[in-house]
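> I need the structure of the sequence given here:
(one chain, ligands or ions: 2)
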Amino acid sequence: MKTQVGIIGGGPSGLLLSQLLHLRGIDSVVLEKRSREHVLGRIRAGVLEHGFAKLMREAQVGERMDREGQIHDGFGIAHDGRVDRVDLKALTGGNTVIVYGQTELTRDLYEGRDRLGGVIVHNAEDVIPHGFDTHRPFLTYRNGSGAGRIDCDFIIGCDGFHGVSRQSIPRDRIRTFERVYPFGWLGVLTRTKPVSPELIYARHERGFALCSLRSPVLSRYYIQVPLTETVEEWPDESFFEELRRRLPREVASALETAPSIEKSIAPLRSFVVEPMQCGRMFLAGDAAHIVPPTGARGLNSAASDIYYLYNALLDHYSRGDSGGLENYSQRALARVWKGQRFSWWMTTLLHKFPDSSAFDQHLQQTELDYLFSSPRALASLAENYVGLPF
Ligand code: FAD
Ligand code: PHB
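Ligands and ions are numbered 1, 2, ... in the order given. As a prediction, the model looks like this:
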């Protein structure tokens, strides 16, 4: 098979790029390791910034998001037995976020690709990018119908943190920057009315907790757990009991529970690779960088990569201008690092670190006191949470 852009990974990054390119007459093929059902079974992001939403509309897949997604003007931070509100709209001069699940967004992207006749090869095993240092890169893979080869002009690695694209770049051509946190988030999805119409991030001496939602009848809750623990050690009753203990009394007493419909543990990590390109292969989204989910930045950082790449590929194909491709890594990384800083800061502010000293705990407490006593400090949080401009 021959195409212009060969994309590895059919998660939100790969699908969005492929859809945007298609609408501008640029051909692509997406190779996805898993089945469509598997990709749609992942419960991940819940909060989108408007930059992402704008790209979804440009890709002509934003209709359901605009209809069913909920605009949130603010969120709460629970600490010391109370909830303080971060009024995003007032603090940013009118900006808000959209609560719309990654599962729904991915479904919309798949439907968009189907509508236009986009090519997505599922269950593509042993995908290997070749020749990205030459003018003739190509991809090889295997699936149910045998071995396949895709010749292309460019390879885009959108295959997430564990994907093959970044791992195919020779070690001496990249640098990685990483922080692994000594805990994870245990997440539960339930068919219940959310405990609060707005998200509540909770700092507590027993550990962090988050009350989030997907819709007025679907709740998503998280608690910080040590990495040594497993889902099996957390039956629903224990999960909700622990969640209640970490929430202010009036929030805890309003919590409705029901059997979980999904339960999983996500480790927390900050990671960046530099540069985000090697020859004719470009990395985007989680393949190039990941953040702890505390600042709701991961998918939103992927969106800015896709925006830069899409425009760079457009310039290349429509005007023969390759400047955007040459500068892609530099442009993308400038925003990526800001997302890293914010996610690390939110994580440090709200989690219980097993090795933290009394001094560290005082600083954490003071940071919170400062935040809610300084409109300027709070405005900085709000500006980052709604998303910095692309
Ligand atoms: P992925 O979603 O990881 O997609 C990569 C795809 O590539 C996958 O489908 C995978 O199967 C495929 N693949 C992997 N290897 C190969 C291979 N070798 N060959 C072919 N295909 C391959 N972000 C936010 O912005 N807001 C939030 O509120 C938020 N909440 C989160 C909560 C949790 C618990 C977690 C875990 C993450 C959260 N995120 C959030 C982050 C967000 O989910 C990710 O940043 C996002 O999924 C990145 O999309 P992606 O397409 O780059 O990568
Ligand atoms: C979620 O709803 O899954 C969610 C929301 C906000 C975050 C992280 C996850 O910061």
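> what's the neighbour count on residue 143?
By other Cβ atoms under 10 Å, 17 other residues sit near residue 143. Where C-beta positions appear, they are placed from N, C-alpha and C, glycine not excepted.
> now it. Its backbone dihedrals?
Note on residue 143: its backbone torsions stand at phi -150, psi -170 [degrees, to the nearest 10].
> can you name the residues bridging to it?
According to DSSP bridges, the residues that bridge with residue 143 are residue 146.
> now it: how far from residue 163?
17 Å (Cβ to Cβ, to the nearest Å).
> again with residue 218
Residue 218 sits 29 Å away from residue 163, going by Cβ to Cβ.
> just the strands in the stretch 1-150 of the chain please.
Assigned by DSSP state E, counting those that start in this stretch, the stretch 1-150 of the chain shows strands spanning 5-8, 28-31, 47-48, 70-72, 74-79, 82-87, 97-99, 119-121, 125-130, 138-143, 146-151.
> ok so, going back, quick one: which of residue 218 and residue 163 has more around it?
residue 163 (22 against 17).
> residue 206: neighbouring residues, count only.
The tally of other residues near residue 206 (other Cβ under 10 Å) stands at 12.
> for it, what are its contacts?
242, 245-246, 352 (Cβ atoms under 8 Å, 6 or more residues apart in numbering).
> of those, closest to ligand 2?
residue 246 (15.6 Å; Cβ to the nearest ligand atom).
> which strand residues bridge the nearest residue to residue 231 once chain neighbours are set aside?
Closest residue to residue 231 apart from its sequence neighbours, by Cβ to Cβ, 6 or more residues apart in numbering: residue 263 at 5.3 Å. Judged by DSSP bridges, the bridge partners of residue 263 are residue 188.
> dump the residue contacts of residue 263.
Counting by Cβ under 8 Å, 6+ apart, residue 263 makes contact with 186-189, 231, 234, 236, 239.
> between those, which is nearest residue 9?
Proximity of these to residue 9 (Cβ to Cβ) peaks at residue 187, which lies at 22.2 Å.
> ok, the nearest residue to that closest one once chain neighbours are set aside - how many residues close by?
Once flanking residues are discounted, residue 187 sits nearest to residue 222: 4.7 Å by Cβ to Cβ, 6+ apart. Other residues near residue 222 number 23, with proximity taken as other Cβ under 10 Å.
> what bridges to residue 222?
Going by DSSP bridges, residue 222 forms beta bridges with residue 187, residue 210.
> show the pLDDT at the spatially closest residue to residue 149 that is not a sequence neighbour.
Leaving aside its sequence neighbours, residue 149 sits nearest to residue 140 (Cβ to Cβ, 6+ apart; 5.2 Å). We have a pLDDT of 98 for residue 140.
> so how many other residues sit close to residue 140?
15.
> chain center to the helix or strand containing residue 241: distance?
Per DSSP states H and E: residue 241 is located in helix 236-245. With Cα atoms, centre = their mean, to the nearest Å as the basis, helix 236-245 stands 26 Å off its chain's centre.
> so what's whichever residue of the stretch 51-200 of the chain sits closest to ligand 2 up against?
Proximity of the stretch 51-200 of the chain to ligand 2 (Cβ to the nearest ligand atom) peaks at residue 199, 5.9 Å away. Residues near residue 199 by Cβ under 8 Å, 6+ apart: 47, 72, 75-76, 99, 210-213.
> one more: residue 112?
Taking Cβ under 8 Å, 6+ apart as the criterion, residue 112 is in contact with 15, 19, 59-61, 118.
> how about those residues in JSON lines, adding neighbour count and pLDDT?
Formatted as JSON lines, the contacts of residue 112 follow (neighbours: other Cβ atoms under 10 Å; pLDDT from 0 to 100):
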{"residue": "15", "neighbour count": "28", "pLDDT": "98"}
{"residue": "19", "neighbour count": "27", "pLDDT": "98"}
{"residue": "59", "neighbour count": "24", "pLDDT": "98"}
{"residue": "60", "neighbour count": "15", "pLDDT": "98"}
{"residue": "61", "neighbour count": "23", "pLDDT": "98"}
{"residue": "118", "neighbour count": "19", "pLDDT": "98"}
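> thanks a lot, see you next time.
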